[in-house]
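Asks: 3D model of this:
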Amino acid sequence: MDRQNLTLLTDLYELTMMQGYFKNKEENNTVIFDAFFRNNPFGGGYSIMCGIEQLVKYIKELHFSKEDIDYLRGLGIFDEDFLAYLSEFRFTGTIYAIPEGSLMFPREPMVKVIAPIMEAQLVETAILNIINHQSLIATKAARICYAARGDGIMEFGLRRAQGPDAGTYGARAAVIAGCVGTSNVLCGQLFDVPVKGTHAHSWIMSFPDELTAFKTYGDLYPNACILLADTYDTLKSGVPNAIKTFQYLRDKGKLGKGYGIRLDSGDLAYLSKKARKMTRARPSLPGASAHT
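Replies: Numbers count the residues shown, from 1 in each chain. I've put the predicted structure just below:
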């Protein structure tokens with residue numbers, strides 16, 4: 001995922017237009033392509049730029065392999081002289097971009113490509129794919145981090161992302177925008193970002209009762225004891241048993257700073273507020289937090 005040839009990550013019409021330009025070489029003028037957006041997403045006042053690192057790698061790796069050429073030949077729409085040109089293709093243009101993590105606003109260039117028109121045409125689709133997706137994730141993450149008012153936000157989107165690339169680069173974008181870590185281990189390896197996690201409902205259900213499951217997990221990970229509190233009944237069972245577990249670890253002198261509860265289902269706004277009151281009602285448990 002970190003290094004791969006994405007040259008064919010393009011719309012077919014980019015290549016058919018390239019062949020048209022190739023057949024009319026005098027039309028292969030240097031052009032300027034600006035990528036921009038018209039409105040901020042989520043009704044916000046700004047967006048966050050993200051995706052530049054992958055864009056740079058894409059440009060550096062840009063070349064048509066023998067397998068690429070054979071595939072394009074098999075489509076029956078490209079002439080041999082054009083395929084020969086593609087086999088030697090390298091990007092010679094210049095690309096400018098807003099730095100990653102920066103604020104950006106509607107109708108200003110996110111990315112500016114200055115290149116011969118055939119080259120600019122080829123990279124258009126991939127640039128939009130890379131920048132649009134990662135900037136969207138970063139913008140949403142920034143809004144959530146702002147709303148949290150300093151509380152740590154963890155990225156946990158891999159299970160619902162549209163494939164491995166989206167999950168991994170989306171996690172990276174979220175960390176750039178302010179998240180304190182991600183559940184995605186591959187993202188942690190590739191980009192050296194903090195990885196964090198809790199446990200699954202299946203962990204709870206594999207024990208005779210919820211409290212035993214919580215205590216066992218707490219003994220294993222007292223410094224990162226985030227307990228999933230909604231397996232059975234959030235307010236009547238999960239939160240009370242989590243509090244008992246935190247007190248159990250405190251009494252053993254093992255309770256670390258990284259503890260709290262996690263909620264996955266139900267009315268999260270209501271449940272998180274009630275859970276917060278329940279945990280904060282215990283003066284012996286400073287800083288207990290609720291994660292949704």
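
Asks: Below-threshold pLDDT in the protein: ranges please.
Replies: 1-3, 282-292 (pLDDT under 70).

Asks: just the helices in the stretch 1-150 of the chain please.
Replies: 12-23, 52-60, 66-74, 80-87, 117-147 (DSSP state H, counting those that start in this stretch).

Asks: mind giving me the domain split of the chain?
Replies: 12-147, 157-193, 201-291 (automatic domain parsing).

Asks: re earlier: and of the helices of the stretch 1-150 of the chain, who's closest to Gly43?
Replies: helix 117-147 (9.8 Å; CB to CB). Where C-beta positions appear, they are placed from N, C-alpha and C, glycine not excepted.

Asks: List the residues that contact the closest residue in space to Ile48 that isn't next to it in sequence.
Replies: Excluding its sequence neighbours, the residue lying closest to Ile48 (CB to CB, 6 or more residues apart in numbering) is Ala138, at 4.0 Å. Neighbouring residues of Ala138 by CB atoms under 8 Å, 6 or more residues apart in numbering: Ser47, Ile48, Met49, Cys50, Gly101, Ala173, Ala174, Ile176, Ala177.

Asks: what about 10 Å?
Replies: Ala138 makes contact with 47-51, 100-101, 170, 172-179 under the criterion CB atoms under 10 Å, 6 or more residues apart in numbering.

Asks: and the gap between it and Arg149?
Replies: 19 Å (CB to CB, to the nearest Å).

Asks: Please name the residues that touch the most centrally placed residue in the chain.
Replies: In the chain, the centroid-proximal residue (CA atoms, centre = their mean) is Gly170; its distance is 1.2 Å. Counting by CB under 10 Å, 6+ apart, Gly170 makes contact with 50, 133-134, 136-138, 140-141, 155, 157-158, 160-163, 182, 184, 187.

Asks: let's see 8 Å
Replies: When contacts are counted by CB under 8 Å, 6+ apart, Gly170 touches His133, Gln134, Ile137, Glu155, Gly157, Ala161.

Asks: Spatially nearest residue to the fifth one, not counting backbone neighbours?
Replies: Distance criterion CB to CB, 6+ apart; nearest residue to Gly157, sequence neighbours excluded, is Gly170 at 5.8 Å.

Asks: and the one you found, backbone torsions?
Replies: Torsion angles at Gly170 (phi, psi; degrees, to the nearest 10) stand at phi -70, psi -40.

Asks: do Leu9 as well
Replies: According to degrees, to the nearest 10, Leu9 has phi -80, psi 70.

Asks: close enough to count as contact, it and Thr125?
Replies: Yes. Here Leu9 reaches Thr125: they are 7.0 Å apart, a contact under CB atoms under 8 Å.

Asks: Can you check which residues contact both of those two?
Replies: By CB under 8 Å, 6+ apart, no residue touches both Leu9 and Thr125.

Asks: how about Gly178, secondary structure?
Replies: Per DSSP: H, G, I helix; E, B strand; the rest coil, the local secondary structure of Gly178 is coil.

Asks: Any buried residues in the helix or strand where Asn241 lies, and which?
Replies: Asn241 belongs to helix 239-251 when assigned by DSSP states H and E. Applying a neighbour-count criterion of 16 or more other CB atoms under 10 Å, the buried positions in helix 239-251 are Val239, Pro240, Asn241, Ala242, Ile243, Thr245, Phe246, Tyr248, Leu249.

Asks: what's the next secondary structure element after it?
Replies: strand 258-262.

Asks: What residues sit buried inside the helix or strand that comes right after that following strand?
Replies: Next along the chain after strand 258-262, taking DSSP H and E as the criterion, comes helix 268-280. Using 16+ other CB under 10 Å as the burial criterion, the residues of helix 268-280 that qualify are Leu271, Ser272, Ala275, Arg276, Met278, Thr279.

Asks: Check which helices and strands helix 268-280 sits against.
Replies: helix 239-251, strand 258-262, strand 289-291 (3 or more CB pairs under 8 Å, 6 or more residues apart in numbering; DSSP states H and E).
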